[in-house]
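J.: model this:
(2 chains)
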Amino acid sequence: MSLLGDMSAWVDFFSTVLRLSIPIVFAALGGVLSERAGVFNVSLEGCILGGAFGAATGAYLTGTPVGGLLVGLLAAAAIGCILAGLAVSLGINQLVTGIAINILVLGLTSYLARLILGADATSTLPGFSPMAIPVLSSIPVIGPVLFNQDPLAYLMYLAVPLSFWFLYRTPWGLIVRAIGDYPIAADTVGVSVPAVRALCVIASCMLGGLGGCYLVLCQVFVFTENMSAGKGWIALAAVILGRWNPALVFAACIFFAFSEALQLRLQFNNPDVPYQLFSMVPFLASFVALVVFAGRVRPPGAIGIKYVRGGK
Amino acid sequence: MTAQGLRLEKITKTFGDFKALDGVDLTIAPASIHAILGENGAGKTTLMNILYGLYQPDGGRILLDGVPQRIASPRRAMDLGIGIIHQHLMLVETLTVVENVVLGLPGQGMRLSLDEHARRLATLADSFGFDVDPHQEVWKLPMGMRQRVEILKVLYRDARLIILDEPTSVLAPNEVEGFLQGLRRLRAAGKTVIFISHKLDEVAAVADRVTVLRRGAVSADLPIEGATPREMARMMVGRDVVLTTLEKASLKSDTVLVRARDLKARVTRGNQALKGVSFDIRAGEILGVAGVDGNGQAELAEVLTGLRPAEGGSVELAGEDITCTGVYERRHRLGISFVPEDRHGTGLVLDFPVYQNAMIRDFRESSFSSGPMLRTANAKAVTEDWVRRYDVRLQSVDQPIRFLSGGNQQKLIFAREVECRPRLLVIMQPCKGLDVGAIEAVHRTVLAERERGTAILYISTELEHILSVCDRVAVMCAGRITGIISPEEATAERVGALLGGLAEAEVA
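T.: Below is the predicted model of the structure:
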């Protein structure tokens, strides 16, 4: 095999890793935000799916990818409002609420997709196309992998440091971290715990929705039933593996995307082995990684506990 | 603050049918330390929550510097220069000192300039003589230091009126003096301090003026020079309280019931906590264990109750070697009862109703169950009986025990541990956080058990309590008993020397 052929195979492989990682990264960053504020966002899976459906509907109705992006974010924000209303305002168990939302979104999007997209469901939707960044994109291997991407990929590059900066370098991030660990301390200095948590949950769902938008507008250009296919759950695992720290969570997402790309490659190269065997690889990898790395994990202290003022 | 200070006029607050505050008048002079005394449930905390904007009063006026104010929220209270130090500290343990201080600080913009705040905080801390490292994470600090961080937090927000709600209840005994010194420094800097407490000696040591609350009303308000601790106790409880000595009959029996020899044990992380502890307890005798917290007392209690294995040595109960028996056997067949130090975590299940907490030790006994079925009605009747006899004040035995005051929770634990007629009763820090009335009740129960012939091990850091109830006092230091003496011999110098680890030959 020539050096050049080898190179292009690597470029191909790493591009796959990156493409697969983007929805997970967005969703996982959302998970970090919400869990840092003390709310489990189990509905990330539903947020991705809702975002994807919104993006498809928006792109279909407006005919532009930007329209798709806006509707996708709006749909995810609506899911966020439901989660915030149920889990934060009413204090219903966060896990149960999140799972219920996932089931609701799965049914609702499948139904509405037939209603709205109907016969056009399989036709290609308008989407974002790759924009090569001059100079950077001509670096060998790295250039075509990282700098010949669509706008949402570039947004992902920004989102990681941005969320790190937000959590650790701004007073608001401090408030979010404090609320996730010991909300009464924030309450006694005059910060509204429910308001902050609700905002974090909605923003978290929108980030998850952004992952869904990416799937539709940059990757496959159609909406299919249950197209999130477990990415939200992988993102949740990445949040724990990355210890609620955006930089580590990003690394965890890349690891999961890597194992997913690997299983695709294995499937492709071994057509005589049942493909279901290989599709287990990412999930097995997540088990192994959690067992190996998650030993000393200390989650935010108040995670999953509804905040009641005056509760002893 | 100008010369007028803070005035409360006819403050009332009702919760349901319960009048928590009933026409409270209070005047607090600026730059003074004003103590507010009261039993648990006298309305102290309600009053402070009103000042801090967490509750709104149903009637009455609050005047700050002569101007009537409505304190609608904690934020408003902060803007008015009122800062509160809650009994349970409001610090995020995973954050650093400076992060806790700037948390929620208004006007920070969007950049978190921790270094700049840390510099200003260090200057502020220096000016009050508080030695705090701004970049240290809070969980690494001892309690006394954390409390200073809380005080700095309100000072950093320019509080002029600082309310401290039972601040010494979280402190180790050796941290209290430093804390009181800190209060004096605050007063010297012109801050007004409201100091809520039920510890009479602390109030006498530091306050300028004292207001006593009883059942939601002011029962006395006087300068500290006019109040002796005995008087203050009477005003708090509404009757005479036996403060130091309780009458007790002389020992009836010479039978040694408990014999511990050369006990050794390790703490969970590996250090040796007990390095060869030996003692005898006779039937109907109270052996006190004094010592600074963390010198092996907790491990000793756990070894005796079977919660922690002994690494060496032996324990005998009435001649039987019980060193290797399990917790269940010790509790039920051998009759060892335990009143643990941590009421909330170890002694009770806070969210269970009172009657379930009452049956949790002996739920397999016939009064609480028959075969596999719990006898709920019977358990409630038994609990009602205990509640009456031990004077536990509550609304109903179906109430979660969380909502009882500390004193009443402790009375229920004592009822449970004593009603099963134990042979050995191990008590650890039974009076932590209790007011004088409840302390008296606890000590009466302990003495009644002694009368019945139980061997009692009474572990406490409060030397005064130990001296008033115990027959002999063992002093522990660094995992050893440095001396066993009788209360009459326990002069301050002698106990001090033993606490410091200067062993002497066993006496008495």
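
J.: from memory B:Ala318 sits against B:Leu424, does it?
T.: No. At 9.2 Å, B:Ala318 does not count as touching B:Leu424 under the criterion of C-beta atoms under 8 Å. Where C-beta positions appear, they are placed from N, C-alpha and C, glycine not excepted.

J.: overlap in contacts, these two.
T.: B:Leu257 (C-beta atoms under 8 Å, 6 or more residues apart in numbering or on different chains).

J.: more crowded one of these two?
T.: It is B:Leu424, of B:Ala318 and B:Leu424, that has more neighbours when counted by other C-beta atoms under 10 Å in any protein chain shown, with 24 against 16.

J.: how about the contacts made by the more buried one?
T.: B:257-258, B:281, B:304, B:317, B:334-337, B:454-457.

J.: so for stretch B:48-55, what's the average pLDDT?
T.: For stretch B:48-55, mean pLDDT is 85.

J.: so where do the strands sit in chain A?
T.: Assigned by DSSP state E, the strands in chain A fall at A:131-132, A:148-149.

J.: so the closest residue to B:Glu302 other than its chain neighbours: helix, strand or coil?
T.: What sits nearest to B:Glu302 in space, not counting adjacent residues and going by C-beta to C-beta, 6 or more residues apart in numbering or on different chains, is B:Arg308, at 3.7 Å. Secondary structure state of B:Arg308, per DSSP: H, G, I helix; E, B strand; the rest coil, is coil.

J.: any idea which element B:Leu8 lies in?
T.: According to DSSP states H and E, B:Leu8 maps onto strand B:6-15.

J.: list the contacts of the next helix or strand after that strand.
T.: Counting by DSSP H and E, the next helix or strand C-terminal to strand B:6-15 is strand B:18-28. Residues outside strand B:18-28 that contact it (C-beta under 8 Å, 6+ apart) are B:5-14, B:34, B:43, B:46-47, B:50, B:57, B:59-60, B:161, B:192, B:194, B:211, B:213, B:215-218, B:221.

J.: repeat that for stretch A:9-21.
T.: Contacts for stretch A:9-21 (C-beta under 8 Å, 6+ apart): A:141, A:144-146, A:149, A:153, A:219, A:253-254, A:256-258, A:260-261, A:264-265.

J.: again, only this time at 7 Å
T.: For stretch A:9-21, the external contacting residues (C-beta atoms under 7 Å, 6 or more residues apart in numbering or on different chains) are A:141, A:144-145, A:153, A:219, A:253-254, A:257-258, A:260-261, A:264-265.

J.: same check, this time on stretch A:155-172
T.: A:22, A:25-26, A:29, A:32-33, A:36, A:173, A:176-177, A:246-247, A:250, B:102, B:108, B:110-112.

J.: stretch B:216-225 too?
T.: Contacts for stretch B:216-225 (C-beta under 7 Å, 6+ apart): B:19-26, B:43, B:204, B:207-213, B:235.

J.: quick one: average pLDDT of that stretch?
T.: The model assigns stretch B:216-225 a mean pLDDT of 85.

J.: quick check, distance from that stretch to the centre of its chain.
T.: Taking the mean of its C-alpha atoms, stretch B:216-225 sits 23 Å from the chain's own mean (C-alpha atoms, centre = their mean, to the nearest Å).

J.: next one: stretch B:355-375
T.: On C-alpha atoms, centre = their mean, the centre of stretch B:355-375 falls 30 Å from that of its chain.

J.: next one: stretch B:462-473
T.: 17 Å.

J.: what residues sit buried inside that stretch?
T.: Under the neighbour-count criterion of 16 or more other C-beta atoms under 10 Å in any protein chain shown, stretch B:462-473 has B:Leu463, B:His465, B:Ile466, B:Leu467, B:Ser468, B:Val469, B:Cys470, B:Asp471, B:Arg472, B:Val473 buried.

J.: any chance of JSON lines for those, columns distance to A:Met7 and pLDDT?
T.: Compiled in JSON lines, those are given as follows (distance: C-beta to C-beta, whole Å; pLDDT from 0 to 100):
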{"residue": "B:Leu463", "distance to A:Met7": "80", "pLDDT": "81"}
{"residue": "B:His465", "distance to A:Met7": "80", "pLDDT": "86"}
{"residue": "B:Ile466", "distance to A:Met7": "81", "pLDDT": "88"}
{"residue": "B:Leu467", "distance to A:Met7": "85", "pLDDT": "85"}
{"residue": "B:Ser468", "distance to A:Met7": "86", "pLDDT": "86"}
{"residue": "B:Val469", "distance to A:Met7": "85", "pLDDT": "89"}
{"residue": "B:Cys470", "distance to A:Met7": "84", "pLDDT": "90"}
{"residue": "B:Asp471", "distance to A:Met7": "88", "pLDDT": "90"}
{"residue": "B:Arg472", "distance to A:Met7": "86", "pLDDT": "91"}
{"residue": "B:Val473", "distance to A:Met7": "83", "pLDDT": "91"}
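
J.: what's the closest of these to chain A?
T.: Set against chain A, the nearest of the buried residues of stretch B:462-473 by C-beta to the nearest C-beta is B:His465 (26.1 Å).

J.: host element of the closest one?
T.: Short version, using DSSP H and E: B:His465 is in helix B:463-469.

J.: over to B:Asp280?
T.: Here B:Asp280 is assigned to strand B:272-282, by DSSP H and E.

J.: listing partners with orientation, what would you give for that strand?
T.: strand B:256-266 (antiparallel) (DSSP bridges).

J.: how far does the strand it pairs with sit from its chain's centre?
T.: With C-alpha atoms, centre = their mean, you get 28 Å for strand B:256-266.

J.: buried ones in that strand?
T.: Buried residues in strand B:256-266 (16+ other C-beta under 10 Å): B:Leu257, B:Val258, B:Arg259, B:Ala260, B:Leu263, B:Lys264, B:Ala265, B:Arg266.

J.: can you list the weak-confidence ranges in the chain?
T.: You didn't pick a chain, so chain A it is. Across chain A, the ranges flagged by pLDDT under 70 are A:1-5, A:294-296, A:310-312.

J.: was after chain B, sorry
T.: B:1-4, B:172-173, B:239-247, B:252, B:268-270, B:492, B:500-508.

J.: what does it put close to chain A?
T.: B:73-75, B:78, B:86, B:90-95, B:99, B:102-104, B:108, B:110-112, B:402 (C-beta under 7 Å from any C-beta of the partner chain).

J.: can you tell me how far the residue nearest the centre of chain B is from chain A?
T.: Ranked by distance to the mean C-alpha position of chain B (C-alpha atoms, centre = their mean), the top residue is B:Gly433 at 2.1 Å. Plainly put, B:Gly433 is 13 Å away from chain A if you go by C-beta to the nearest C-beta, to the nearest Å.

J.: what does B:Ser369 give?
T.: In terms of C-beta to the nearest C-beta, B:Ser369 sits 30 Å off from chain A.

J.: roughly how far does the residue nearest to B:Arg331 when sequence neighbours are not counted sit from B:Arg402?
T.: Of all residues beyond its chain neighbours, the one nearest B:Arg331 is B:Arg361 (6.9 Å), with distances taken as C-beta to C-beta, 6+ apart. Distance, B:Arg361 to B:Arg402, by C-beta to C-beta, to the nearest Å: 19 Å.

J.: now B:Arg76
T.: B:Arg76 is 30 Å from B:Arg402, by C-beta to C-beta.

J.: go on, B:Gly345?
T.: 13 Å.

J.: more neighbours: which of these two?
T.: Between B:Gly345 and B:Arg402, counted using other C-beta under 10 Å, B:Arg402 has the larger neighbour count: 16 against 10.

J.: my read: the more buried one touches B:Leu350, true?
T.: Yes. With contact defined as C-beta atoms under 7 Å, B:Arg402 counts as touching B:Leu350 (4.1 Å).
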